[in-house]
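S.K.: Mind looking at a prediction? Sequence and model below.
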Amino acid sequence: MQATINGELRVNVPMGAGSLAELRWSVWTYLAAAEVAPGMIDDILIALHEAVANAIRHSGSESDVTVRVRAARTRVTVDVKDEGKGLDPRIPLPPGPPSLAAEGGRGLYMIWSLMSSARLNPSKGTHLVMVKELFPGGT
């Protein structure tokens with residue numbers, strides 16, 4: 001289910017990989033309407049996909065993943081929240097580059113690399129807040 005409330009896109013994503021394509025389309029449509037540059041949209045969609053895929057794969061929750069996207073003139077803020085077991089505290093944040101031989105472990109690194117900033121907020125489960133500055137360096 002999705003809604004736009006006070007200019008903010010809100011989407012509840014069911015726990016299943018099939019729901020990711022619909023989420024990407026909804027967010028792409030919202031950001032394009034907000035006149036965000038296509039290259040910036042690509043970065044945001046890749047980071048968002050990784051965050052939600054991680055929640056689906058690792059949270060252990062049966063509840064929907066909550067996604068909120070807010071486009072402002074100079075930045076886009078994306079919140080991804082699940083009600084699962086939370087991120088393993090032994091994982092270093094921000095993550096370093098993954099081993100090329102590793103089968104996984106690239107998602108968090110991609111998120112931190114593609115977005116201007118990312119942080120975890122304390123909550124039940126995992127609450128990731130990602131920001132993409134649309135005009136890096138204040139241009």
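M.R.: Yep, it's here.

S.K.: hey, let's count contacts and neighbours off CA atoms from now on
M.R.: Fine.

S.K.: Show the residue spans covered by the strands in the chain.
M.R.: Ranges of strands within the chain are 2-5, 8-13, 65-71, 75-82, 117-121, 126-133, based on DSSP state E.

S.K.: and those as TSV, adding mean neighbour count, distance to residue 100 and mean pLDDT?
M.R.: Below are the strands of the chain laid out as TSV (neighbours: other Cα atoms under 10 Å; distance: least, Cα to Cα, whole Å; pLDDT from 0 to 100):
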stretch	mean neighbour count	distance to residue 100	mean pLDDT
strand 2-5	12	37	77
strand 8-13	20	31	95
strand 65-71	21	29	97
strand 75-82	22	27	97
strand 117-121	16	23	91
strand 126-133	21	25	96
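
S.K.: Just put those strands in TSV and tack on distance to residue 40.
M.R.: Formatted as TSV, the strands of the chain follow (distance: least, Cα to Cα, whole Å):
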stretch	distance to residue 40
strand 2-5	21
strand 8-13	17
strand 65-71	12
strand 75-82	9
strand 117-121	14
strand 126-133	8
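
S.K.: Give me the longest helix you can find in the protein.
M.R.: What stands out as the longest helix in the chain, according to DSSP state H, is helix 38-58.

S.K.: Distance from the chain centre to that one, please.
M.R.: 5 Å (Cα atoms, centre = their mean, to the nearest Å).

S.K.: Tell me which residues are up against that helix.
M.R.: The contact list for helix 38-58 (Cα atoms under 8 Å, 6 or more residues apart in numbering) reads 15-17, 20, 24, 27-28, 31-32, 65, 78, 80, 82, 84, 107-108, 110-111, 114-115, 126, 128, 132, 134.

S.K.: in that helix, what's buried?
M.R.: Of the residues in helix 38-58, 40-41, 43-56 count as buried by neighbour count, 16 or more other Cα atoms under 10 Å.

S.K.: separation between the residue positioned nearest the centre of the chain and residue 126?
M.R.: With distances taken as Cα atoms, centre = their mean, residue 48 lies nearest the centre of the chain, 3.0 Å away. Per Cα to Cα, to the nearest Å, residue 48 is found 14 Å from residue 126.

S.K.: Repeat that for residue 64.
M.R.: Counting by Cα to Cα - residue 64 and residue 126 are separated by 12 Å.
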